[in-house]
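*Asks:* Have a look; sequence and predicted model below, questions after that.
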Amino acid sequence: MVDSESFSAPEIFDSLPYHDDDLTKFPFLKEKVEKELAREPKPPSTLHPRVPPAYQLFTKNPLLHAELERIESHKPFPPLDTTRYQLPPPTSVPATDEEWKASLDNARAQLEHQRLRQTNLTLLQTYGANSWRVHNYLVEASAKQVEKALEDLKKLTEDVNRDRKNFQTKTGAQLIVLETRWTELISSVLQIEMANVAMDVEINRLNQREAELADML
């Protein structure tokens, strides 16, 4: 069964904002419009059933999902853990074997971290420049595409507004001509009706005069 709503008649708006200037000519109309707008009911708190639910981001990535929730709640970024960059000795004196083992494991982790940093810096110095140039080229190309799309959209918007203004201005001029013609026709009809009333009065007067003359004979 075909949904009847898909064949519903389109909405027709009779507003010509580029032509109608009644609110400018008659300020009291603007006050009435504002009062009517104030009386309008507030928008519903719930969305329309046809509005799809909000899309949930990062449902498969708990870390990114938690970070998104932190940003949405305007919570500060947690401070960095700097203990990994330190070499604290055992706190107790004399230290136990477990404390010395923990300190030694931390030192080994720090040494491995520094080694990885040195390796990454070497790779960056070797391949980073070209990789960064390629990245900049891709970013610039993407930026140019977005700017071109923006310019095309602006031009399309200007064309639509220009066509709408021209259409409304032309239609407004036609409405003025039709309204003037309508006023003239209404005036003509009123004049004809007044002439008919005057003719009826004259006919009644002549009939009465004819009757009076007939009685006198």
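*Replies:* On my side now, so go ahead.
*Asks:* Residue 68 versus residue 209, what's the distance?
*Replies:* Here the criterion is Cβ to Cβ, to the nearest Å. By it, residue 209 lies 100 Å from residue 68. From N, CA and C alone the C-beta is placed, and that goes for glycine too.
*Asks:* Please say which of the two ends up with more neighbours.
*Replies:* residue 68 (14 against 10; other Cβ atoms under 10 Å).
*Asks:* So the more buried one, which state does it fall into?
*Replies:* helix (DSSP: H, G, I helix; E, B strand; the rest coil).
*Asks:* Could you give the number of residues near residue 50?
*Replies:* 5.
*Asks:* before we move on, what about residue 168?
*Replies:* 17.
*Asks:* do the same with residue 199
*Replies:* Count around residue 199 with other Cβ under 10 Å applied: 10.
*Asks:* Let me know the helix or strand that it is in.
*Replies:* Taking DSSP states H and E as the criterion, residue 199 maps to helix 97-216.
*Asks:* Nearest to the spatial middle of the chain, which residue is it?
*Replies:* residue 157 (13.9 Å; Cα atoms, centre = their mean).
*Asks:* For residue 10, give me the pLDDT.
*Replies:* On pLDDT, residue 10 comes in at 56.
*Asks:* Can you report phi and psi for residue 43?
*Replies:* phi -60, psi 150 (degrees, to the nearest 10).
*Asks:* Relative to residue 53, how far out is it?
*Replies:* The value you get for residue 43 to residue 53, if Cβ to Cβ is used, is 18 Å.
*Asks:* ok, now residue 107?
*Replies:* Residue 107 is 52 Å from residue 53, by Cβ to Cβ.
*Asks:* The two: who's more crowded?
*Replies:* Counted by other Cβ under 10 Å, residue 107 and residue 53 do not tie: residue 107 has more neighbours, with 11 against 6.
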